[in-house]
Every structure is written in structure tokens, then in C-alpha cells.
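*Asks:* Fold the following, please.
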Amino acid sequence: MRDDTLRELVRTRAEEPERLAVTAAARRRRPLLPARGRLMLIAADHPARGAFSVGGRPMAMADRIDLLDRMLLALSRPGVDGVLGTPDLIDDLLLLGALDDKVVIGSMNRGGIPGTAFEIDDRFTAYRADSLVAGNLDGGKMLLRIDPTDPATAATLEGCGNAVNGLAANRLMAMVEPFWVRRDAAGRALNDLSPDAVIRSIAIAQGLGTTSAYTWLKVPVVAEMERVLTASTLPALLLGGDPGEAPEETYASWQKALRLPTVRGLVVGRTLLYPPDDDVAAAVDTAVSLL
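*Replies:* Residues are numbered from 1 along each chain as shown. You can find the predicted model right below:
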């Protein structure tokens, strides 16, 4: 990002904060699904939970200017439909003029900070349904981690159910990202990615709220995806996760899962924004070609 662009961004935030609402209201929107019927979204809501690590780079996402540069490049690539992020990031992208004709999904609950005593208490600390409407956004995403050993899970379930209702009442997409949680020997919370655990989490997620009319699932690519996705008829988007050191294997697993009838696209962040060779454009183009 050029120095004068950054200075203007900060100046607007400091001197004209009201411009954000005006810019959001004037944003050109588009239908949720493009003609091809599949979505390609770039996700970057990880820093709001203090999660910066990508592959072997523990603080990769901590540099906001670098993250914005990568986001701007990714959003400029053909076939990229939009973005998933928290208000701070969405506001930056709005002021930088990057969100016209894009699908914009706001991340809603970022309160469960990894490694804390309250990790499973995933409170709705970011967007709410009414703020998504006021901000002229296209939907909301919520993280639903189900830990059978932690009573805080009940409040998260209730919060997600309420969020699904609020979004449906305004005809906005409710994107639910469910995980079944297990504990390791040290008591750390880990997402259980066994097929049966993912099936159980999907079954619970799709039953949230008084209607499922606007509910989509955001699911990990795991073993036995054919069996896993028979658990629901809701449209599903595949999440990318941490890319590791073998992107070609990751792309192959996405391509196979994208053939399944309920899968309608990808929501990928770290894998495309921080590929091992740092060629963001090539990584995004490869992902788009899989749709």
C-alpha cells in the first residue's frame, strides 16, 4: 500500500468517521450467487481472535497493512465474489473502495479467544444482524464450537440460534461454521475433524433458529466427505484452514469435494493469502479454476 493511501485511510478514520456509514450505504451490491451458481469468498476474520499463524509463520496475519495489500490483490482477481471479515477489516476495505459489486459477509462472534479460560464462550462481539442491515452487508457468519465438557457451549448455541433468526428476518445469509470440540491430554480445545464428529456438528448447526431458509454451512474438508455431506441439504461452502506445506494436496481435496451436490463454493483465507511462495494472484486463480 502506498504511503499516501495509508495516510488518507487513517486521516478519514480520525477526522471523518461518519464517512464509513455513507460509503457503506452507497456500496453497489450484487446478487448473492453469480451466474455460475458458486461462490468464491476470501476470509480474513482470524486476527480478531488473536490468531495470526499461517503455516510456519506465527505472526503472518499481524501486519494489517500487508494483510490489506493481500486482500486487495485477491479481491481484484477474476472470479472472486467477495469477502468475509470483522468490522475493522470491512471498514478498511470499504474506505479503500474494494467492495463495490462484491458479496460482503460480516463475522459476528469473535469472543472465544484461543488459549483462554473462556475460549468456548464464543460471544457475539462483532457484527449483529441489525448492524449488518445498517451496514448494507449481505450476510453474517458465526462460529459454533460444541464442547460437551464446557457449559459455555449452551450460551453459544443460543446466541447462534438468535443470530440465525435475526439474519433470516432480514433475508440475509446466515453462515454457520460448526465444529465438535475435544480436549487433548493438556486440556486444550481441539476441533475434532473425524467424519462422525463433523456430521454431528452439522446436524446441530442446521437445526438452529426458527427457519433454515437463509442458513448456509461452512464446513472443513475432511475424510469421507461424500458421507459427511449427506448429513444436510443446506448449501455448503468449504473452508480452507491452515494451508500447511502441500498446497497441491489441498487444492486436490477441494476439487474432489466441490463435485458433491450440496457444495456451492469456497471460503478461503490463509491458504490463498499466504501461499508458500507468496504468489497470492496465482493461488487465488488456482482456487477459482476449481469452481
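
*Asks:* Show me which residues of stretch 23-37 are buried.
*Replies:* 23-24, 27, 32, 34 (16 or more other Cβ atoms under 10 Å). Glycine gets a C-beta too; all of them are placed from N, C-alpha and C.

*Asks:* Let's see which of these end up in strands.
*Replies:* Using DSSP state E, no member of these sits in strands.

*Asks:* Arrange those residues in TSV, one row each, with pLDDT and distance to I42 as further columns.
*Replies:* Shown next, in TSV, are the buried residues of stretch 23-37 (pLDDT from 0 to 100; distance: Cβ to Cβ, whole Å):
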residue	pLDDT	distance to I42
T23	97	20
A24	97	19
R27	97	17
L32	96	16
P34	93	15
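
*Asks:* and those residues, which two are the farthest apart?
*Replies:* Using Cβ to Cβ, the buried residues of stretch 23-37 span at most 23.6 Å, a distance reached by T23 and P34.

*Asks:* ok so, going back, could I get the buried residues of stretch 23-37 as CSV with distance to I202?
*Replies:* Formatted as CSV, the buried residues of stretch 23-37 follow (distance: Cβ to Cβ, whole Å):
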residue, distance to I202
T23, 37
A24, 33
R27, 32
L32, 21
P34, 25
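
*Asks:* taking those one by one, which sit in helices?
*Replies:* Judged by DSSP state H, these include 23-24 as members of helices.

*Asks:* pLDDT-wise, which helix or strand of the chain ranks last?
*Replies:* The least trusted helix or strand in the chain, going by mean pLDDT, DSSP states H and E, turns out to be helix 247-257, with a mean of 90.

*Asks:* List the buried residues for it?
*Replies:* 247, 250-251, 254, 257.

*Asks:* Centre of the chain to it, how far?
*Replies:* Distance of helix 247-257 from the chain centroid (Cα atoms, centre = their mean, to the nearest Å) equals 19 Å.

*Asks:* Show the subsequent helix or strand relative to it.
*Replies:* strand 263-268 (DSSP states H and E).

*Asks:* State the mean pLDDT of the helix or strand following that next one.
*Replies:* Next along the chain after strand 263-268, taking DSSP H and E as the criterion, comes helix 270-273. In this model, helix 270-273 has a mean pLDDT of 93.

*Asks:* Repeat that for stretch 61-76.
*Replies:* Here the average pLDDT along stretch 61-76 is 97.

*Asks:* hmm, back to that, what is the orientation angle of the least confident helix or strand of the chain with strand 263-268?
*Replies:* 160 degrees (axes from the mean of the first three to the mean of the last three Cα atoms, to 10 degrees).

*Asks:* Okay, strands next: where are they in this structure?
*Replies:* Using DSSP E, strands in the chain cover 39-43, 82-85, 103-107, 139-146, 173-183, 189-192, 215-219, 236-239, 263-268.

*Asks:* just to revisit the earlier point, looking at the buried residues of stretch 23-37, which is nearest R188?
*Replies:* Closest to R188, out of all of the buried residues of stretch 23-37 and judged by Cβ to Cβ, is L32, at 36.8 Å.

*Asks:* what residue ranges in the stretch 101-250 of the chain score low on pLDDT?
*Replies:* The stretch 101-250 of the chain contains residues with pLDDT under 70 at 241-245.

*Asks:* re earlier: which residues are in contact with the least confident helix or strand of the chain?
*Replies:* Under the contact criterion Cβ atoms under 8 Å, 6 or more residues apart in numbering, helix 247-257 has outside partners 221, 225, 229, 238, 240, 243-244, 263, 266, 271, 275-276, 283, 286-287, 290.

*Asks:* Of the residues you listed, which belong to helices?
*Replies:* The helices, defined by DSSP H, take in 225, 271, 283, 286-287, 290 from the contacts of helix 247-257.

*Asks:* Tell me the buried residues in stretch 256-264?
*Replies:* Result for stretch 256-264 [16+ other Cβ under 10 Å]: buried residues 257-258, 263-264.

*Asks:* ok, now how distant is A155 from R227?
*Replies:* 31 Å (Cβ to Cβ, to the nearest Å).

*Asks:* and if you look at Y274?
*Replies:* Taking Cβ to Cβ, one finds Y274 at 31 Å from R227.

*Asks:* which of the two has more neighbours?
*Replies:* The neighbour comparison of Y274 against R227 (other Cβ atoms under 10 Å) goes to Y274, with 21 against 12.
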